[in-house]
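[1] Sequence plus predicted model, see below.
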Amino acid sequence: MTLYKKIKIKNLKQIQQDALSIFPKERYDSTSFFFLPDSAKTFLKFKSIRTMLDSYGLTSYVEKCCVGYSAISPKIRIPIHKDSGGFTYSFNIPLTESKKSFVNFYETAVEPKLIIADNEKNDKALHYYDYNINDCTVIDKLETSSPYVLDTQVPHDVYNGSDEFRIMLLLRIDNSGNQVFEKVFDW
């Protein structure tokens, strides 16, 4: 089973600059996961992001889904979860220093609990599946210092072990694009 693949992005620096240019200042130094209003349209206005997605033939599938940020304060762990929504795969691109920041992947035989969390900056609630760590076994670990694609439907947690605030850009692929994604990345 493929959990993730590290990827090379030719215009990475420009994507990082563009995505950080609209990161809300009030979100710095606070752990959060969020989408901007009209997130896909907002981010796809950036030539750097559109060019990268066009190179994979996945622009229209991101356009149908969403783009967001994962911002994690130093020494914070986001609990084991499975993302929910109309997507399975995600491009995750570090926007700030992400050394000593990891995604751990897990397996479990115990059913998770569905969590519906309010998103105070947006009227769209966040849905995800929460797991008890005592019921899970680590099956792989990925340092998030370079861009990667991952299967968001495998239970995982995120830990920022650094002393720096960590921001990732999350480009979600609508499930209608799964076959294209799997072919492109030889999933």
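    It's in.
[2] use CA for all of it now, contacts and neighbours both
    Fine.
[3] From Val62, how far out is Thr88?
    Applying C-alpha to C-alpha, to the nearest Å, one obtains 12 Å for the distance of Thr88 from Val62.
[4] mind checking pLDDT for Cys136?
    pLDDT, the model's per-residue confidence, is 97 for Cys136.
[5] cool, and Leu126?
    Per the predicted model, pLDDT is 68 at Leu126.
[6] swap in Glu63?
    At Glu63 the predicted local distance difference test score is 93.
[7] what sits against it?
    For Glu63, the contact set (C-alpha atoms under 8 Å, 6 or more residues apart in numbering) comprises Ala40, Lys41, Leu44.
[8] higher neighbour count, Thr88 and Val62?
    For Thr88 versus Val62, the count of surrounding residues by other C-alpha atoms under 10 Å is larger for Val62: 25 against 20.
[9] partners of the lowest-mean-pLDDT helix or strand in the chain, with directions?
    Of all regular secondary-structure elements in the chain, judged by mean pLDDT, DSSP states H and E, the least confident is strand 126-130 with a mean of 75. According to DSSP bridges, strand 126-130 has the following sheet partners: strand 76-83 (antiparallel), strand 113-117 (antiparallel).
[10] Any chance you could list what contacts the longest one?
    In this case it means strand 76-83. Contact with strand 76-83 is made by 127-133, 152-161, as judged by C-alpha under 8 Å, 6+ apart.
[11] I'd assumed Ala71 was in contact with Thr31.
    Yes - using C-alpha atoms under 8 Å, Thr31 is in contact with Ala71, at 5.2 Å.
[12] Please say which of these two ends up with more neighbours.
    Ala71 (22 against 17).
[13] contacting residues for the residue nearest to that one when sequence neighbours are not counted?
    With sequence-adjacent residues excluded and distances taken as C-alpha to C-alpha, 6 or more residues apart in numbering, Ala71 is closest to Ile167, at 4.4 Å. When the contact criterion is C-alpha under 8 Å, 6+ apart, the partners of Ile167 are Tyr69, Ser70, Ala71, Ile72, Pro94, Leu95, Thr96, Glu97, Ser98.
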